[in-house]
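Colleague: structure of the sequence below:
(chains A, B and C)
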Amino acid sequence: MPELPEVETTRRGLSPHVVGARVDTATVRDRRMRWPVEPGLEQRLRGQTVRQLDRRAKYLLFDFDKGQLMIHLGMSGSLRLVESHAEIGKHDHFDLSLDNGLIMRFRDPRRFGSIHWLPIHGEHSLLAKLGPEPLSDELSAGYLFERSRGRSVAIKNFIMDNHVVVGVGNIYATEALFRAGISPKKAAGKVGLARYQRLEQAIRAVLSEAIQQGGTTLRDFVGGTGDAGYFSLSLQAYGREGEPCERCGTDMKGLRLGQRATVYCPKCQR
DNA sequence: ACTGGCACCTGGGCGC
DNA sequence: TGCGCCCAGGTGCCAG
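Modeller: Have a look, this model is predicted:
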């Protein structure tokens, strides 16, 4: 489920309930995540108070006095808040039982997600080489233009590369390229500055619209599914192979780029 | 340094 | 109903 808007929505939904709460117990039911969950994590967390909940790329960072808990939701992960009597599901791998009576429960059927303890805030090899946040001032058309010079990789793969810019997943890369009128298979190095300006705007617009939509689900965050799924943001390209382009009526075309399904309009996107 | 391809894992939907 | 196949929103790592 999680692309960046879903992760950000999760952060905003959890934040008011977990910040300021103390961990009574942490429970790991299955340590086999993308990387094995460190032995002793439970002891490190016990008795500590959540000071803040941040996000970097698609990582959620729970600040404690002695370090940070870093969680990635992978492809199928979700975090929700449940009451203590809630039934434990087959894929509920991790619990943080809080002193306010709530349990923050991590569910991840595919186990592509991860849980790490960072003794020093922000210091982890997984965070070290990440590109700028897409909704920050650090992302600019000029930056994308400069970074892409000499690159033959398809523009879609380029903007999905975490080292270039974080948080642009398959759905939103597809949508942003449609809005910007750029073919997903175009070599990144052959896209000019003016088109990167359109692309940068499109990335910002698509992500912030999706986050706004996500805001409407926050009310039910406690005890809800914690799974926002796709936002009702109307997708103009993703999943619309064979359907008429909303702009020109041409059949939307599908292809695979970097082992990912891609859809685009062969007429509007060049 | 860059590139494409593989890997991790489970569940859902489809055709037969 | 059941089985096998393909697909899925992520991303680190590998060989070339």
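Colleague: for stretch A:113-125, report the contacting residues that lie outside it.
Modeller: The contact list for stretch A:113-125 (C-beta atoms under 8 Å, 6 or more residues apart in numbering) reads A:28, A:33-35, A:37-38, A:41, A:44-45, A:56, A:61, A:63, A:66-74, A:76-77, A:94, A:106, A:126. Where you see a C-beta, it was placed from the backbone N, CA and C, and this is true even at glycine.
Colleague: sorry, slip of the keys, the one I care about is stretch A:148-165.
Modeller: A:57, A:129-132, A:134, A:139, A:144, A:147, A:168-170, A:173-174, A:176-177, A:182-189, A:191, A:196, A:199, A:203, A:257-258, A:260, A:262.
Colleague: gap between the two ends of it?
Modeller: 12 Å (C-alpha to C-alpha, to the nearest Å).
Colleague: avg pLDDT for the helix or strand where A:Ala173 lies?
Modeller: Counting by DSSP states H and E, the element that carries A:Ala173 is helix A:170-180. Here helix A:170-180 scores 97 as its mean pLDDT.
Colleague: helices or strands next to it in the packing?
Modeller: Applying 3 or more C-beta pairs under 8 Å, 6 or more residues apart in numbering; DSSP states H and E, one finds that helix A:170-180 contacts helix A:155-159, helix A:193-215, strand A:260-264.
Colleague: quick check: end-to-end length of stretch A:104-120?
Modeller: In stretch A:104-120, first residue to last residue: 23 Å (C-alpha to C-alpha).
Colleague: to clarify, my last question referred to stretch A:238-258.
Modeller: End-to-end for stretch A:238-258, by C-alpha to C-alpha: 16 Å.
Colleague: can you tell me the SS state at A:Thr95?
Modeller: To be clear, residue A:95 is Asp; Thr isn't right here. strand (DSSP: H, G, I helix; E, B strand; the rest coil).
Colleague: quick one: it and A:Val23 touch, right?
Modeller: No - between A:Asp95 and A:Val23 there is no contact under C-beta atoms under 8 Å: 10.0 Å.
Colleague: specify the beta-bridge partners of the closest residue to A:Asp92 other than its chain neighbours.
Modeller: In space, and not counting its chain neighbours, A:Asp92 is closest to A:Arg107: 5.0 Å by C-beta to C-beta, 6 or more residues apart in numbering. For A:Arg107, the beta-bridge partners are A:Ser78, A:Asp92 (DSSP bridges).
Colleague: pretty sure A:Arg107 is touching A:Gly89, no?
Modeller: Yes - counting by C-beta under 8 Å, A:Gly89 is a contact partner of A:Arg107 at 6.2 Å.
Colleague: the two: who's more crowded?
Modeller: More crowded of A:Arg107 and A:Gly89, by other C-beta atoms under 10 Å: A:Arg107, with 21 against 10.
Colleague: which residues touch that one?
Modeller: A:77-80, A:89, A:91-93, A:226.
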